[in-house]
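In: I would like to see how this sequence folds:
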Amino acid sequence: MIKEKLSKKTWFTMCLFSFMGGIAWNIENMYFNTFLYNSVYSSASEEAMAGSMAPTTAISRMVALSAIAAVLTTFVMGTLSDKMKNRKLFISVGYILWGLVTAIFGFITKDNVAAILGLTDEAKILTSTVWVIILMDIIMTFMGSTSNDAAFNAWVTDISTPKIRPTIETAFTFVGFLSMVAVMGIGSLAQSGAVSYRNFFLYLGLIVTACGIAGLFLIKNPDKTADKNEVSASYWADLFYGFRPSVIKNNTRLYLTLLAVGFSSVSYQVFFPYLLVYLQYVVIPDNGDNLITPSVIATFVIMVAILIGSMVLLLKLSGKSKAKGLIPSAILATAGLVILSTSTNIHIILIGIVPAVVGNLVMGIQLNASIKDFIPEGKAGLFQGIRMIFTVLIPMVLGPALGDMACRNSAVTYINEFGVETIVPSASMFVYAAIVSVFVLVPLYFLIKKGFSVEEK
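Out: Below is the predicted model of the structure:
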């Protein structure tokens, strides 16, 4: 029987690895994209741009291939971690290598790629550099999905019960927000050129590696992983366990929850990979000197207060009944996206962010906790790959492709330092995201009808 109350050491370990995992994922999901724009494409000539892929297309392909790598990795390594009955090894060693691969990214430049591959043609150099970055992103994803998606998520499921999982997910949401703020704070310096991308990737990567080393001493494999995981003698049978019709039928609520998360995640990925580039090349130029004024500061403070109050209210409603919190959250998320699509004015953006963020965060907390609740006991590793199909593969393949389509159809551009016209993201991507967000209500309707109660594990 798992303890209802986790020790302070366990809480510290969970939050530490959640925070450092958030650091690594946010570097990949947010700043590899700006790295492409600001370090690779920004100095490209017209001839090089004409002979290579557009930057929004490069981002879309990088995100999609990374998602495929993440899902395949989680299937293989999640099942393997169940077989080997050693989450600690996969988490710690994975974080060590994850950080090292991240640290290498800053050394990828057009000059280095040209020298190594012996290239002189500008278009080939640009294309090759983009593909080297995509390849390294896939390798990084393999390390991150092994340690975080497959092993860490399964470990948290192993050591928790339905009663405390909403609290864990709330803590992870807060920690994840802090990691994103930390990365954006440092990343903004790299984005502006105050800090080199090389140092940005190097030092944050080494910090993630240090966390992995600490995990060798902090993480303890629970008895549940060591003794009770119900894996079969066949690795391949376990690998495809979640695809069996009988398994899907017996775990309908789990798959409905995953479907809801899938729609929500697709909506998020339509705009998120392009968000920082959109802010840098569209929002900031459109607002100019009006970006930081007393009215903007006042709007920001008011919106933060509303955000916190709304989250507390919705989480209280969800604590009494998930149905009371989930439907309003889905509607809020959609409404926020609609508002964001209407204007690049900084005041409108701040107003639209609140419902979009509140809706997504509350849905994420409740649905991610429900996923852990509905996974059969002893099979946490077997379902991590299935979870990744809905949370990563489908969203990160379909979402950025829809975003790229929105950006290309809008044809918003900027002129780089070589006088070359380059496509940048536009507000229309939020329209596409809002349309996808509406579909979250379909699986939520059936899920609410079936109910959320589970037997204590």
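
In: from here on, just use CA atoms for contacts and neighbour counts.
Out: Fine.

In: ranges for the strands of the chain?
Out: Secondary structure of the chain, counting by DSSP state E: strands at 413-415, 421-423.

In: got the phi and psi for the closest residue to Phe263 other than its chain neighbours?
Out: Nearest residue to Phe263, sequence neighbours excluded (Cα to Cα, 6 or more residues apart in numbering): Val440, at 5.4 Å. Backbone torsions for Val440, taken as degrees, to the nearest 10, come to phi -60, psi -30.

In: any low-confidence regions in this structure?
Out: 1-4, 223-239, 315, 317-323, 378, 380-382, 384, 411, 413-421, 453-457 (pLDDT under 70).

In: tell me the contacts of the most far-flung residue of it relative to its centre?
Out: Distance from the C-alpha centroid of the chain peaks at Thr120, with 36.5 Å (Cα atoms, centre = their mean). Thr120 is in contact with Ala114, counting by Cα atoms under 8 Å, 6 or more residues apart in numbering.

In: distance of it from Gly51?
Out: 14 Å (Cα to Cα, to the nearest Å).

In: swap in Lys379?
Out: 49 Å.

In: so which of the two has more stuff around it?
Out: More crowded of Lys379 and Gly51, by other Cα atoms under 10 Å: Lys379, with 22 against 14.

In: how much space between the more buried one and Val156?
Out: In terms of Cα to Cα, Lys379 sits 13 Å off from Val156.

In: contacts only, for the residue nearest to Phe263.
Out: 259-261, 263-264, 330.

In: in helices, which of those residues fall?
Out: 259-261, 263-264, 330 (DSSP state H).

In: with neighbour count and distance to Thr79 as added columns, please give these in TSV.
Out: What follows is the ones in helices among the contacts of Val440, written out as TSV (neighbours: other Cα atoms under 10 Å; distance: Cα to Cα, whole Å):
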residue	neighbour count	distance to Thr79
Leu259	21	22
Ala260	25	24
Val261	26	22
Phe263	25	25
Ser264	29	26
Ala330	25	32
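
In: what's the closest of those to Ser18?
Out: Val261 (19.4 Å; Cα to Cα).

In: hmm, Leu72 is touching Arg387, no?
Out: No. Using Cα atoms under 8 Å, Leu72 makes no contact with Arg387, being 11.5 Å away.

In: so which of those two has more stuff around it?
Out: Neighbours were counted for Leu72 and for Arg387 using other Cα under 10 Å; Arg387 has more, 27 against 19.

In: does that one touch Leu258 like I think?
Out: Yes. Between Arg387 and Leu258 there is a contact under Cα under 8 Å: 6.6 Å.

In: residues in contact with Thr13?
Out: Applying Cα under 8 Å, 6+ apart, the residues near Thr13 are 215, 218-219.

In: change it to 7 Å
Out: 218-219 (Cα atoms under 7 Å, 6 or more residues apart in numbering).

In: check the one 5 residues further on too.
Out: Taking Cα under 7 Å, 6+ apart as the definition of contact, the neighbours of Ser18 are 172, 175-176.

In: next up, phi/psi of Thr161, please.
Out: phi -130, psi 160.

In: I'd like to know how many residues surround it.
Out: 21.

In: for Ser52, give its distance to Ile116.
Out: Taking Cα to Cα, one finds Ser52 at 19 Å from Ile116.

In: try Tyr281
Out: 32 Å.

In: name the nearest of the ones in helices among the contacts of Val440 relative to Gly21.
Out: For the ones in helices among the contacts of Val440, the nearest to Gly21 is Val261 (20.0 Å; Cα to Cα).
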